[in-house]
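**Q** Here is my input, please return the structure:
(chains A and B)
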Amino acid sequence: MEDMSQYPLELTGPDVPMVRFMNVTKSYGALTVLDSLDLDVSEGEMVTVIGPSGSGKTTVLRMLMTLETINGGVIYVDGKPLTHMEKNGVLVPAGPKYLRLARSSIGMCFQHFNLFPHMTALQNCMEGPMQVLGLPKAEARERSEELLSMVGMIDKKDQHPSRLSGGQQQRVAIARALAMRPKVMLFDEVTSALDPEVIGEVTGVIRNLVAEHNLTMLMVTHQMGFARDISDRVCFFYQGKIEEQGAPESLFGNPQRERTQQFLSAVKAAD
Amino acid sequence: MFDWRWDFAYEILPRLLQATLNTLAAAGVGYGIAVVLGLVFALAQRTPSRIVTMVVRECVEFIRSTPLVLQIFFVFFVGPQFGIRLSPWVAGMIAIGLHYSAYLSEVYRGGLDSVPKGQWEACTALNLSTTKTYFRVIIPQALPPSLAGMGNYLVGIFKDTPMLSVIGVAELMQAANAIGGSNYRYLEPYTMVGIIFLAISLPAAGLIRVFEAWVRKKLGMN
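**A** Model prediction:
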């Protein structure tokens, strides 16, 4: 058993990060996916996670969305533990009730969009605000229409997902996640399932978000050019660890580690 | 040898049609019970509690593995020994509803399993409660793939209502038996019962397909 007393019940001080992974380990049986991960993301920061498949990069986002449990360590969001709750002065694994409250500040977009197929674009966006936040219908509609306009999907608001292209679905999914007013947004390979010609419309929306909103964002992507353009920091994952991280210019322009160099040149060769 | 008597057939027609209404009511009420109880059984098998899952699973298997007519007898004749005295109608509805709920729970189970994992994850990401996840997102999507199976069992329960005659529910079969017994003529009543069942079952199957298409369209899933 891990000694939980080493983890603070709450992060305090002047520089509390929006997200902190502290010594986080994730394994499936004998397979260790993430090994003692330490990672901070500051408020308003855009951090991109890159790396070969199986390096654990998607798991980072899924743990933060509480879609995966963790086997060791603690994740803090906005100074408070996400994966754990306080009981008699120590942290214990969070119960379902606590988890629901704790994850309310996090939003996520998925590779395969995961829109609700039986609802229109607008209904998809209004679902969370009405059913979870308890907003009145008019207010939820106003908020959703505003966001659908922002992602350029207002003229398709009454269409069901089956009538929309992949790029359009993903833009609706971004609006749907933003309608919950998250503090942290997670983008999990949001362009990977898209046809090349529509990738731009989704990356364009994310670019706008970065430029105009002070959202904290974590993104997993294979679009290296895009990552380089918009990230404040890039983390290269290799075998469940951060092999190298830094500003995009330095990581892409002058990678220090051999693994990073190999990965980047392999990606370049594939392009 | 073949002596069909039209005058007799006309004479008994009103009584058979009257009994048809009872048959339809029995099928409708029984199906209503099965639709709701089946969902309860299906959802109960998805709770985090392994014990609940196992107990419900065994109950469903037990009901599916024993004959309906035995279950009808059991509720009606064994119940009173435990102080549960039920009218033939109530006992019959409970037995047939329970029997078909076991089948419907399997239909729902398949439908629920067919909803992609990503839908659950989207619900978590939107922070929907478990109840809202089921009733607003998962069940609406599990419905279209379940409808064909649900339709089959609707026709099935309708065709099984004659079993209720064994405890004296005044449905179509019981009426035909009574008519046959008191007139010593069975050809007309039984033939007419068969035609009535056919006349209802056949269009019902077609209507169910139309309804299925309509639901899919309504849910934007085609």
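**Q** Which parts of the chain are helices?
**A** You didn't pick a chain, so chain A it is. Remark: helices assigned in chain A by DSSP state H are A:57-64, A:96-102, A:121-131, A:137-150, A:166-178, A:196-212, A:224-230, A:248-253, A:258-270.
**Q** that's the wrong chain, I wanted chain B
**A** Listed in chain order, the helices of chain B (DSSP H) span residues B:6-44, B:50-65, B:68-73, B:88-113, B:117-125, B:130-132, B:139-160, B:172-183, B:187-218.
**Q** Please identify the most buried of these.
**A** Of these, the one with the most neighbours on average (mean count of other Cβ atoms under 10 Å in any protein chain shown) is helix B:88-113, at a mean of 22. Backbone N, C-alpha and C define where each C-beta goes, glycine included.
**Q** Show me what that one is packed against.
**A** Under the contact criterion of 3 or more Cβ pairs under 8 Å, 6 or more residues apart in numbering or on different chains; DSSP states H and E, helix B:88-113 touches helix B:6-44, helix B:50-65, helix B:68-73, helix B:139-160.
**Q** For residue A:235, list each beta-bridge partner.
**A** Using DSSP bridges, the beta-bridge partners of residue A:235 come out as residue A:49, residue A:245.
**Q** right, and it touches residue A:50 too?
**A** Yes - the pair residue A:235 / residue A:50 is scored as a contact, 7.2 Å apart, by Cβ atoms under 8 Å.
**Q** Tell me which of these two has more neighbours.
**A** Per other Cβ atoms under 10 Å in any protein chain shown, whichever of residue A:235 and residue A:50 has more neighbours is residue A:50, with 27 against 23.
**Q** quick revisit: just the helices of chain A: most buried one?
**A** Note that of these, helix A:166-178 is the most buried (mean count of other Cβ under 10 Å), with a mean of 26.
**Q** quick one: that helix to chain centroid distance?
**A** Distance, stretch centre to chain centre, for helix A:166-178: 14 Å (Cα atoms, centre = their mean, to the nearest Å).
**Q** Could you do stretch B:30-37 as well?
**A** Its chain's C-alpha centre and that of stretch B:30-37 lie 6 Å apart, by Cα atoms, centre = their mean.
**Q** quick one on the thing from earlier: turn the helices of chain B into CSV, including mean pLDDT.
**A** Formatted as CSV, the helices of chain B follow (pLDDT from 0 to 100):
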stretch, mean pLDDT
helix B:6-44, 93
helix B:50-65, 94
helix B:68-73, 94
helix B:88-113, 94
helix B:117-125, 97
helix B:130-132, 94
helix B:139-160, 93
helix B:172-183, 91
helix B:187-218, 91
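**Q** Columns distance to residue A:250 on top of those, output as JSON lines?
**A** As requested, those are arranged in JSON lines below (distance: least, Cβ to Cβ, whole Å):
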{"stretch": "helix B:6-44", "distance to residue A:250": "53"}
{"stretch": "helix B:50-65", "distance to residue A:250": "52"}
{"stretch": "helix B:68-73", "distance to residue A:250": "74"}
{"stretch": "helix B:88-113", "distance to residue A:250": "48"}
{"stretch": "helix B:117-125", "distance to residue A:250": "33"}
{"stretch": "helix B:130-132", "distance to residue A:250": "45"}
{"stretch": "helix B:139-160", "distance to residue A:250": "46"}
{"stretch": "helix B:172-183", "distance to residue A:250": "84"}
{"stretch": "helix B:187-218", "distance to residue A:250": "53"}
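**Q** Tell me, how many residues neighbour the single nearest residue of chain A relative to chain B?
**A** In chain A, the residue that lies nearest chain B is residue A:160 (3.0 Å; Cβ to the nearest Cβ). Residue A:160: 21 surrounding residues under other Cβ under 10 Å.
**Q** Now the residue lying closest to it once chain neighbours are set aside. Its backbone dihedrals?
**A** Once flanking residues are discounted, residue A:160 sits nearest to residue B:220: 3.0 Å by Cβ to Cβ, 6 or more residues apart in numbering or on different chains. Residue B:220 adopts backbone torsions of phi 70, psi 30, taken as degrees, to the nearest 10.
**Q** who in chain B is up against chain A?
**A** Residues of chain B found near chain A (Cβ under 8 Å from any Cβ of the partner chain) are B:116, B:118-119, B:121-122, B:124-129, B:132, B:136-137, B:140-141, B:219-222.
**Q** if I look at residue A:81, how far off is residue A:90?
**A** Separation of residue A:81 from residue A:90 (Cβ to Cβ, to the nearest Å): 11 Å.
**Q** Between the two, which contacts overlap?
**A** Common contacts of residue A:81 and residue A:90 (Cβ atoms under 8 Å, 6 or more residues apart in numbering or on different chains): residue A:9.
**Q** Pick out whichever of the two has more residues nearby.
**A** A count of neighbours by other Cβ under 10 Å puts residue A:81 above the other of residue A:81 and residue A:90, at 23 against 12.
**Q** confidence score at the more buried one?
**A** On pLDDT, residue A:81 comes in at 95.
**Q** In the beta-sheet assignment, what are the partners of it?
**A** residue A:76.
**Q** for it, what are its contacts?
**A** With contacts defined as Cβ under 8 Å, 6+ apart, the neighbours of residue A:81 are A:7, A:9, A:10, A:74, A:75, A:91, A:94, A:102.
**Q** Around chain B, which positions in the stretch 51-200 of chain A sit nearby?
**A** Counting by Cβ under 8 Å from any Cβ, the stretch 51-200 of chain A sits next to chain B at A:65-67, A:100, A:103-104, A:106-108, A:110, A:112, A:114-120, A:127-128, A:131-132, A:160-163, A:176-177, A:180.
**Q** Just the ones of the residues you listed in strands?
**A** Judged by DSSP state E, these include A:106, A:107, A:108 as members of strands.
**Q** what residue is smack in the middle of chain A?
**A** In chain A, the residue lying closest to the centroid (Cα atoms, centre = their mean) is residue A:186, at 1.5 Å.
**Q** Please tell me I have it right and that one contacts residue A:64.
**A** Yes - contact criterion Cβ under 8 Å: residue A:186 and residue A:64 qualify, at 6.1 Å.
**Q** what residues do these two have in common as contacts?
**A** The contact sets of residue A:186 and residue A:64 overlap at A:106, A:218 (Cβ under 8 Å, 6+ apart).
**Q** Which residue is it, in chain B, that comes closest to chain A?
**A** For chain B and chain A, the shortest gap (Cβ to the nearest Cβ) falls at residue B:220, measuring 3.0 Å.
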